[in-house]
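> just coords:
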């Protein structure tokens with residue numbers, strides 16, 4: 001209910017999308033799948049090499065941040081203590097993430113965690129990409145949904161998302 005109230009005040013600027021025109025990317029990641037970090041790091045490296053700024057906010061299910069994730073300047077963390085009673089993120093990092101004007105938001109959330117889905121829904125990014133894991137896709141906050149086979153593969157999801165994003169707005173694919 002609180003999420004729907006906040007969504008009522010959200011205004012997103014719809015605009016033409018082209019991956020080449022994207023400069024700032026926000027990524028939401030469920031770090032419960034810590035072994036998949038290598039795929040996320042490869043995506044970050046690929047995007048940075050093409051001149052894009054990338055920021056990640058990761059859900060940490062426990063109290064402690066895994067050692068291999070500490071010290072990464074582009075990654076912020078969201079823990080249970082950062083949620084209010086309605087499970088909406090209220091930390092400084094979450095608020096800064098929502099205030100940042102991203103050109104593209106990628107939600108790597110295979111468990112459909114409410115706290116990450118809420119951040120995706122509340123983001124004003126003009127293009128949002130996420131996995132199609134729900135029986136009610138019309139209620140998902142994404143502009144582009146990637147069907148993910150079970151078990152979820154972050155490598156396949158990222159590969160498919162980048163493939164389709166590169167096709168959208170490309171001069172080769174315009175009608």
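Great, that's in hand. The shown structure was predicted, so the numbers you read here are calculated from the model rather than taken from an experiment.

> from here on, contacts and neighbour counts on C-alpha atoms
Fine.

> just for the protein, where's the confidence low?
1-16, 136-138, 169-175 (pLDDT under 70).

> do a quick rundown of the helices in it.
2-8, 37-49, 92-99, 114-122, 154-167 (DSSP state H).

> reformat the ones you listed as CSV; add mean neighbour count.
Compiled in CSV, the helices of the chain are given as follows (neighbours: other CA atoms under 10 Å):
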stretch, mean neighbour count
helix 2-8, 11
helix 37-49, 15
helix 92-99, 15
helix 114-122, 21
helix 154-167, 16
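
> mind giving me TSV with those helices and columns for distance to residue 23?
Shown next, in TSV, are these (distance: least, CA to CA, whole Å):
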stretch	distance to residue 23
helix 2-8	25
helix 37-49	9
helix 92-99	15
helix 114-122	18
helix 154-167	14
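
> of all those, which one is nearest residue 74?
helix 37-49 (9.2 Å; CA to CA).

> endpoints of stretch 77-94, how far apart?
End-to-end span of stretch 77-94 (CA to CA, to the nearest Å): 8 Å.

> center of the protein - which residue?
The centroid of the chain falls nearest to residue 107 when counting by CA atoms, centre = their mean (2.6 Å).

> contacts only, for it.
By CA atoms under 8 Å, 6 or more residues apart in numbering, residue 107 lies in contact with 27-29, 116-117, 120, 128-131.

> 10 Å instead?
26-30, 56-57, 116-117, 119-120, 128-131, 141-142, 145, 158 (CA atoms under 10 Å, 6 or more residues apart in numbering).

> next one: residue 142
105-107, 117, 120-121, 126-132.

> rerun at 6 Å
Counting by CA atoms under 6 Å, 6 or more residues apart in numbering, residue 142 makes contact with 128-129.

> return the backbone torsion pair for it.
The phi and psi values for residue 142, taken as degrees, to the nearest 10, are phi -100, psi 150.

> any idea how far it lies from residue 132?
Applying CA to CA to residue 142 and residue 132 gives a distance of 9 Å.
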